[in-house]
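**Student:** One predicted model, sequence on top.
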Amino acid sequence: MGRYSNQTKEKSYGAVIINEKKEFLLIRHKNGEHWDFPKGHKEEGESDRETAVREVLEETGLIVRLIDGFKEKTRYSPKPGVDKTVTYYLGFSMGKVTIQEEEIMEYEYLPFEEALEKITFNESKEVIRAAKQFIDTYLQANDD
């Protein structure tokens, strides 16, 4: 029996969003005032990827294109008795951000180092590091 065996399971899906300058989108949530990526819970009939795309649209107003090949999971306990897994995809968007004012305080597009510093949770810092490595490895070849 592992550390999470008797806990309620919770799953969310989200996306690490980059723009044309390869800056990372961070949003500041009203609940807890933390800086993180857009994410949320699945609705009936949705795939994991569809959930991520919808949550980004709801929280930021952005239509995002997910980039194949990147999928990163984090697992943590947000409160006693809850085991939460968040699956992140990597997405690209060139649109204008319109935040969901009920849930989001503000947003920023930041270069990697600044985004890494601003992110609140260590689990999300690992996700952005993995995204940066993926971008550097697989997307740089397309810059020429």
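**Tutor:** Done, it's in. Numbering: from 1, shown residues only.

**Student:** check contacts around residue 53.
**Tutor:** Each residue near residue 53 by Cβ atoms under 8 Å, 6 or more residues apart in numbering is listed here: 15, 64, 66, 91. C-betas here are computed from N, CA, C, even on glycine.

**Student:** in the sheet, who's paired with the closest residue to the second one other than its chain neighbours?
**Tutor:** Counting by Cβ to Cβ, 6 or more residues apart in numbering, residue 64 lies nearest to residue 91, which is 3.8 Å off, once chain neighbours are set aside. In this structure, residue 91 has beta-bridge partners residue 17, residue 66, where bridges are defined by DSSP bridges.

**Student:** Turn the contacts of residue 53 into a markdown table, including pLDDT and neighbour count.
**Tutor:** Formatted as a markdown table, those follow (pLDDT from 0 to 100; neighbours: other Cβ atoms under 10 Å):
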| residue | pLDDT | neighbour count |
| --- | --- | --- |
| 15 | 98 | 29 |
| 64 | 96 | 24 |
| 66 | 97 | 18 |
| 91 | 97 | 25 |
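
**Student:** tell me which of the residues you listed is nearest to residue 74?
**Tutor:** Using Cβ to Cβ, residue 15 comes nearest to residue 74 of the contacts of residue 53, at 13.2 Å.

**Student:** How many neighbouring residues does residue 73 have?
**Tutor:** Residue 73 has 12 neighbouring residues, counting by other Cβ atoms under 10 Å.
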